[in-house]
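> Here is a sequence with its predicted model. Questions after.
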Amino acid sequence: MKAKTRRQGVIFRHWRLIGLAGFALVLVAGGWGLSRYLLDPRTLPIKAIQVKGEFRNLDRESVEQALAKAIDGGFFGLDLKRLREAVMGSPWVADARITRVWPDRLVVDVTEEQAIAHWGEQGLMNEQGKVFYPRKGLKKRLPLRFRGDDNKASLMLDFFVREQPRFRRQGLSIGAVILDKRGEWRLELADGTRIVVGKEDMDARIGRLLNAYPVLEQEPRRPQTVDLRYEQGFAVSWRSEERS
């Protein structure tokens, strides 16, 4: 009798395991089918794109078009990383955050690059020293210009930030910073004066010039070029016209 009971218990557990396995198989199959359905691009397609942000130079419509071309799935199947890369492909986009809004909408928060200076002939520089090249330039000219290798941009911005206050205290303003391939620094002031700083002791050389600038201001003509590459002083060439 006990043996029969044990056999019945074994058979019951056997069928129970078969039932559980079958139930699990049904769940897996159902989950797989549901996953395929939700990831199908035809399921809950995106019908609206909302682009948010304050734009001065970025074209809102171009962002919407870039997103529309990159959409490759329905609401659940969207690759948000790929969509963000499509938006970030615009030189005027500094950052972008994309969120899904149920059931068929994308909201894109875009931060536009803020240019503080022109870079070379076609580029621009932002306040972090990043250089970017928009297909369309600024709608207005900026008073500051840099020229050099792209990988030296942050170094050149640091130099400007350090030196500009010193010139301001003399009533002067830097209009251009140039670093040539030989490593020589040059400045152009807003009034057109060109300053050759050189490769070494830039801070000390500029300090020597600024200390003497009140004397230069008393001259009847304005400086055209000032060469600071001398150990004890500097050389000045003068403009032909006298001060008005």
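Noted; the coordinates are in hand. Numbering: from 1, shown residues only.
> contacting residues around stretch 81-88?
63, 66-67, 69-72, 93, 95-98, 106, 108, 110 (C-beta atoms under 8 Å, 6 or more residues apart in numbering). C-beta here means a position set from N, CA and C on the backbone, and glycine is covered the same way.
> So for it, what gets flagged as buried?
Leu83, Arg84, Ala86, Val87 (16 or more other C-beta atoms under 10 Å).
> chain center to the helix or strand hosting the third one, what's the gap?
If I follow you right, that is Ala86. Taking DSSP states H and E as the definition, one finds Ala86 inside helix 80-88. Chain-centre distance of helix 80-88: 14 Å, with C-alpha atoms, centre = their mean, to the nearest Å.
> next helix or strand past that helix?
Sequence-wise, the next helix or strand downstream of helix 80-88 (DSSP H and E) is strand 93-101.
> now the angle from that next one to helix 80-88?
140 degrees (axes from the mean of the first three to the mean of the last three C-alpha atoms, to 10 degrees).
> Would you mind identifying the next helix or strand past strand 93-101?
Going down the chain from strand 93-101, the next helix or strand is strand 105-112, by DSSP H and E.
> Identify the residues contacting that next one?
Residues from elsewhere that reach strand 105-112 (C-beta under 8 Å, 6+ apart): 46-58, 63, 67, 71, 78, 83, 87, 92-101.
> Note down every partner strand of the next helix or strand along the chain from that strand and its orientation.
Once the chain leaves strand 105-112, the next helix or strand it forms, by DSSP H and E, is strand 115-119. Counting by DSSP bridges, the strands paired with strand 115-119 are strand 123-126 (antiparallel), strand 145-147 (parallel).
> what mean pLDDT does strand 115-119 have?
Mean per-residue pLDDT for strand 115-119: 96.
> just stretch 189-197 next, same as before
Stretch 189-197 carries an average pLDDT of 96.
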